[in-house]
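> I need the structure of the sequence given here:
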Amino acid sequence: MAALGNSIAVARLVKGRKVNEVYELLKDVKCGLKDTSCSQEMVKAIKKAYDEEEK
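Numbering: from 1, shown residues only. Below is the predicted model of the structure:
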């Protein structure tokens, strides 16, 4: 259930922001010693979808 709550919280935080703002805010968020984090993976997906939409 925590994952759902986190998703809702992130959605509320990014609502109304431009893609590049969200990318800059979340791109460097670390998750312990892992090479990536949920936030980094999310902004990669958002940026990819945005870039494809712009084509």
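
> shaky segments in this protein?
Within the chain, the stretches falling below the threshold (pLDDT under 70) are 1-3.

> what are the ranges of the helices in it?
Using DSSP state H, the helices assigned to the chain run over residues 2-14, 19-26, 38-54.

> okay if I get these as a markdown table plus mean neighbour count and distance to residue 32?
Every residue, glycine included, has its C-beta placed from N, CA and C. As requested, the helices of the chain are exported to a markdown table (neighbours: other Cβ atoms under 10 Å; distance: least, Cβ to Cβ, whole Å):
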| stretch | mean neighbour count | distance to residue 32 |
| --- | --- | --- |
| helix 2-14 | 11 | 16 |
| helix 19-26 | 15 | 16 |
| helix 38-54 | 13 | 12 |
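
> residues touching the spatially closest residue to residue 31 that is not a sequence neighbour, list them.
Sequence neighbours aside, residue 37 is the residue nearest to residue 31 in space, at 3.6 Å (criterion: Cβ to Cβ, 6 or more residues apart in numbering). Neighbouring residues of residue 37 by Cβ atoms under 8 Å, 6 or more residues apart in numbering: 29-31.

> of these, closest to residue 15?
Residue 15 lies nearest to residue 29 out of those, by Cβ to Cβ, at 18.1 Å.
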